[in-house]
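**Student:** Structure for this input, please:
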Amino acid sequence: NPITIKAFPGETPILRAPSSGTRTALELRGPVLRISDWVIDGMTIGGSSTTAGIHLNGVKNVTVKNIRMENTFTLWPTLSTDGVIITGGSEDCRILNSIFDQRLMNQVHLSSARHTEIRGNEFTNSGRMGIIMDGGDNAGTIVADNNFHDASPDQAMVALYLGTQGSRVVNNIF
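**Tutor:** Have a look, this model is predicted:
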């Protein structure tokens with residue numbers, strides 16, 4: 001069974017990063033693909049010292065769902081803050097049914113994260129990018145059934161760079 005970090009019914013826990021160290025509110029990091037089968041459900045992420053809301057690094061089969069960003073971030077362009085970052089050779093991760101409505105550097109940032117699914121989310125008020133895939137092998141990513149609106153006029157809501165072979169962006173509303 002997956003390990004689940006979930007909000008108690010009727011409550012909304014807020015995770016904030018400390019003002020030193022990684023300045024990440026929640027991080028799952030391990031030897032590549034040895035941390036697997038986790039679910040993070042129903043959290044609010046924030047904090048003025050936070051530079052990464054949730055960072056998944058070298059994980060497999062991790063689902064982040066029903067999260068929201070709090071309006072306490074030091075916002076773009078002052079601080080380069082990412083909402084959810086998936087890196088380090090991670091595989092088979094999902095970001096589902098979440099709301100990204102704070103003006104962050106990148107709301108979702110994939111860098112060397114294969115077979116990621118980003119589905120059923122709302123992206124609004126992006127600082128730089130809603131979703132960015134760069135810096136490594138991001139093959140087989142699915143971006144589907146999301147709503148994107150009120151983007152920064154000089155940036156993109158979805159940006160795919162080298163290493164995104166076989167990825168699909170389908171059935172989204174822009």
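
**Student:** From here on, just use CA atoms for contacts and neighbour counts.
**Tutor:** Noted.

**Student:** and P2, what are its phi and psi?
**Tutor:** When read as degrees, to the nearest 10, the backbone of P2 gives phi -70, psi 150.

**Student:** three-state assignment of H109?
**Tutor:** Following DSSP: H, G, I helix; E, B strand; the rest coil, H109 is assigned to strand.

**Student:** neighbours around it, how many?
**Tutor:** For H109, the neighbour count with other Cα atoms under 10 Å is 23.

**Student:** Could you do I95 as well?
**Tutor:** Residues lying near I95 (other Cα under 10 Å) number 21.

**Student:** need the contact list for it.
**Tutor:** For I95, the contact set (Cα atoms under 8 Å, 6 or more residues apart in numbering) comprises T63, V64, K65, T116, E117, I118, R119, N121.

**Student:** Likewise for V158?
**Tutor:** Going by Cα under 8 Å, 6+ apart, V158 touches M129, G130, I131, I132.

**Student:** Could you give the bridge partners of it?
**Tutor:** I131 (DSSP bridges).

**Student:** where are the low-confidence patches of this structure?
**Tutor:** Counting by pLDDT under 70, the chain shows low-confidence ranges at 75-79.

**Student:** So what pairs up with the most centrally placed residue in the chain in the strands?
**Tutor:** Closest residue to the average C-alpha location of the chain: V84 at 2.3 Å, with Cα atoms, centre = their mean. V84 has these beta-bridge partners by DSSP bridges: I54, V108.

**Student:** now T4
**Tutor:** Residues in a beta bridge with T4, per DSSP bridges, are V39.

**Student:** related to what we said a few turns ago, quick one: the residue nearest to the centre of the chain and V108 touch, right?
**Tutor:** Yes. Between V84 and V108 there is a contact under Cα atoms under 8 Å: 4.8 Å.

**Student:** picking up where we left off before, which of the contacts of V158 has the largest number of neighbours?
**Tutor:** That'd be G130 among the contacts of V158, by other Cα under 10 Å, with 30 neighbours.

**Student:** State the distance from that one to P18.
**Tutor:** From G130 across to P18, the span is 25 Å (Cα to Cα, to the nearest Å).

**Student:** same deal with R114?
**Tutor:** 29 Å.

**Student:** higher neighbour count, the two?
**Tutor:** More crowded of R114 and P18, by other Cα under 10 Å: R114, with 25 against 14.

**Student:** picking up where we left off before, so what's the residue nearest to the centre of the chain up against?
**Tutor:** Taking Cα under 8 Å, 6+ apart, one finds A52, G53, I54, H55, L56, Q107, V108, H109 in contact with V84.
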